[in-house]
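Asks: Need coordinates for the below:
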Amino acid sequence: MNQLHSDIRLTDELERQLMQAAIEEQMRIKPGKALKNLFVKLSGKAAKSAPAKVVTVRTAESAA
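Replies: Numbers count the residues shown, from 1 in each chain. Prediction:
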């Protein structure tokens, strides 16, 4: 019975460690992800405000 209780304490301690690690990971600054989100927002706004224009380029070879 004593062994069972020591396993439970180890499990509780492991759970605390995992929760602490998850909280620290959540609070950590991630500059790469922040830059990616910024570029996605900027490109999304640019795509909405200025529709893409299709330009046809003709060369002398294609005209012949």
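Asks: Could you use CA atoms for every contact and neighbour count after this?
Replies: Fine.
Asks: low-confidence ranges in the protein?
Replies: 1-10, 46-57, 59-64 (pLDDT under 70).
Asks: Would you map the helices across it?
Replies: Under the criterion DSSP state H, the chain contains helices at 2-27, 31-49, 60-63.
Asks: residues near residue 32, how many?
Replies: 9 (other CA atoms under 10 Å).
Asks: no, scratch that, I was asking about residue 22
Replies: 12.
Asks: swap in residue 20?
Replies: Residue 20, neighbours per other CA under 10 Å, totals 12.
Asks: what do you get for residue 30?
Replies: 10.
Asks: Over to residue 23?
Replies: Residue 23, neighbours per other CA under 10 Å, totals 11.
Asks: ok, now how distant is residue 28 from residue 18?
Replies: Applying CA to CA, to the nearest Å, the value for residue 28 to residue 18 is 15 Å.
Asks: Looking at the two, which is more packed in?
Replies: Taking other CA under 10 Å, residue 28 and residue 18 do not tie; residue 18 has more neighbours (12 against 9).
Asks: so how many other residues sit close to residue 27?
Replies: Residue 27 has 9 nearby residues by other CA under 10 Å.
Asks: Distance of residue 16 relative to residue 27?
Replies: On the measure of CA to CA, residue 16 and residue 27 end up 17 Å apart.
Asks: And residue 39, by the same measure?
Replies: In terms of CA to CA, residue 39 sits 22 Å off from residue 27.
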